[in-house]
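> Give the three-dimensional model of this entry:
(one chain, ligands or ions: 1)
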Amino acid sequence: MKASTDIENRKRRHLRVVLEEDVENEAYSGLQDVQLVHRALPEIDLEEVSTEISLFSRRLSAPIIISAMTGGIMEAERINEALAEMAEAYGLGIGVGSQRIALEDPRRERAFRIVREKAPSSLVIGNLGCPQLSTGWGPREARRCLEMIDADALAIHMNPLQEAVQVGGEARYRGLLKKIREIVEEIDKPVIMKETGCGVSLEDAVEIERAGAEGIDVSGVGGTSWAAVEQHIAREEGKTQLEALGRSLRYWGIPTAISIVEVVRSTRLKVIASGGIRTGLDAAKAIALGADVVGLARPFLEKVIKGREPLKEYVEQLLMELKTVMFLTGSRSTDELRRKPVIILGKTAEWLRLRGFKPEDYSKRS
Ligand SMILES: Cc1cc2nc3c(=O)[nH]c(=O)nc-3n(C[C@H](O)[C@H](O)[C@H](O)COP(=O)(O)O)c2cc1C
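Numbering: from 1, shown residues only. Sure thing, here's the model as predicted:
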């Protein structure tokens, strides 16, 4: 099983680089330009605030998803077990990392199956990559991913930048919309199209909606940069051109705040906001911009490798911050938060205006 061993080595390297190197584009999410309006008289009690939502036929206690990360390697089973337990305990959603490795080598399924075992009532999202679809995989493999973990939805990840910078990457994206349509028609669970750190434009969002997907995970610029991760790996491998490519394109893409607006305003799809969500305040801003739910990857990984207690503390901190900001804006629910005024400043406002959106539509809401 050479192929699965190669993937395993790459995954292990990704984990190490993500945890040890500087791969974070936090200052570029655009969320710094987004401000919520403080209410000195919110006319609600903090206790009244409810963060509960429904998504893809599951109830979540909080609008937070542990984003797709690992799977298929030895360490992943332990990591996924702890993350899934946390998802179950706090009513969060959880996505698994690419299931490709387990489709190619069923011995790797265990690291994925553990997620549903430990999170029986959570929203669990499967994961498959676009490059595999363009080289022949389709509805059959999609169904196997769903069955493997009894998933509630399937995320299909889009990572064209990462594949272009990756040593041996598979930057094959031709004909994918047709493939997505086929999968949507032949599986009985919702499909979510998910970026991995470069954001989704309104042009792609419209095509994705036409293809029948039910959700988009924007995963915009502002968090983990996969160009930076692959840049480090290219350097270790002595591939100087790919290393330089990764360095040049580290900030390529659409900042998370902008991508949320582009997708929310151009489709009726469910929107997962990820890419640089780090605090409960970030989560509140993303939801106020129109996202249904937020996703975080690297912060959960950093905590979980230190143990369950740091992970638990972080989840509680996120929830406390989100609830407090909802209270301070007078929002009893995330639906109410989505109707509150939002001030969009600076470069983010300028970018949105140039794309035909009106930041005033947000600031004048009441
Ligand atoms: C170690 C690691 C592995 C990842 N693997 C996957 C994957 O297999 N499939 C996927 O869709 N996204 C994957 N991602 C991307 C994340 O789901 C997320 O979109 C991205 O990291 C941005 O979120 P963040 O800024 O909170 O890290 C991975 C992220 C990390 C940190």
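
> buried stuff in stretch 186-195?
Residues Ile187, Lys189, Pro190, Val191, Ile192, Met193, Lys194, Glu195 are the ones in stretch 186-195 that count as buried (16 or more other Cβ atoms under 10 Å). Heads up, the C-betas are built off the backbone N, CA and C, glycines and all.

> Contact partners for the residue in the chain that the ligand sits nearest to?
Scanning the chain for the residue nearest the ligand gives Gly223, at 1.8 Å (criterion: Cβ to the nearest ligand atom). By Cβ atoms under 8 Å, 6 or more residues apart in numbering, Gly223 lies in contact with 24-26, 29, 197, 256, 274-278, 296-298.

> which among the buried residues of stretch 186-195 are in contact with the ligand?
Within the set of the buried residues of stretch 186-195, contact with the ligand (Cβ under 6 Å from any ligand atom) is found for Lys194.

> now the buried residues of stretch 186-195 in JSON lines, with distance to Gly346 and secondary structure?
Shown next, in JSON lines, are the buried residues of stretch 186-195 (distance: Cβ to Cβ, whole Å; DSSP: H, G, I helix; E, B strand; the rest coil):
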{"residue": "Ile187", "distance to Gly346": "42", "secondary structure": "coil"}
{"residue": "Lys189", "distance to Gly346": "40", "secondary structure": "coil"}
{"residue": "Pro190", "distance to Gly346": "35", "secondary structure": "coil"}
{"residue": "Val191", "distance to Gly346": "35", "secondary structure": "strand"}
{"residue": "Ile192", "distance to Gly346": "30", "secondary structure": "strand"}
{"residue": "Met193", "distance to Gly346": "29", "secondary structure": "strand"}
{"residue": "Lys194", "distance to Gly346": "28", "secondary structure": "strand"}
{"residue": "Glu195", "distance to Gly346": "23", "secondary structure": "strand"}
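
> and which of the buried residues of stretch 186-195 is nearest to Pro359?
Comparing the buried residues of stretch 186-195 against Pro359 with Cβ to Cβ places Glu195 closest, at 22.9 Å.

> I figured the closest one hits Gly222, correct?
No. Taking contacts as Cβ atoms under 8 Å, Glu195 lies outside contact range of Gly222: 11.7 Å.

> Common neighbours of those two, please.
Gly275.

> and the host helix or strand of Val17, which residues are buried?
Element membership of Val17 [criterion: DSSP states H and E] is helix 2-20. Across helix 2-20, burial judged by 16+ other Cβ under 10 Å covers Ser4, Ile7, Glu8, Arg10, Lys11, Arg12, His14, Leu15, Val17, Val18.

> what sits against the residue nearest to the third one when sequence neighbours are not counted?
Nearest residue to Glu8, sequence neighbours excluded (Cβ to Cβ, 6 or more residues apart in numbering): Ile73, at 5.0 Å. Listed by Cβ under 8 Å, 6+ apart, the contact set of Ile73 reads Glu8, Lys11, Arg12, Leu15, Ile101, Arg108, Ala111.

> switch the cut-off to 7 Å
Residues in contact with Ile73 (Cβ atoms under 7 Å, 6 or more residues apart in numbering) are Glu8, Lys11, Arg12, Ala111.

> do Leu103 as well
Leu103 sits in contact with Glu141, Arg144, where contact means Cβ under 7 Å, 6+ apart.

> how about the protein, which residue sits the furthest from its center?
For the chain, the largest distance from the centre (Cα atoms, centre = their mean) belongs to Leu41, which lies 34.3 Å off.

> Please enumerate the strands of the chain.
Applying DSSP state E to the chain gives strands spanning 34-36, 53-55, 58-60, 64-66, 93-95, 124-129, 153-158, 191-195, 215-217, 270-274, 293-296, 342-344.

> and the fourth one, is it in reach of the ligand?
No. Contact between strand 64-66 and the ligand, assessed by Cβ under 6 Å from any ligand atom, is absent, since the two come no nearer than 9.1 Å.

> what pLDDT, on average, does that strand get?
The average of the pLDDT scores along strand 64-66 is 98.

> List the contacts of the longest helix seen in the chain.
Across the chain, the longest stretch assigned as helix under DSSP state H is helix 308-328. Outside helix 308-328, the residues within contact range by Cβ under 7 Å, 6+ apart are 36, 38-39, 42, 44, 46, 49, 51, 62, 64, 82, 86, 90, 279-281, 283-284, 299-300, 303-304, 337.
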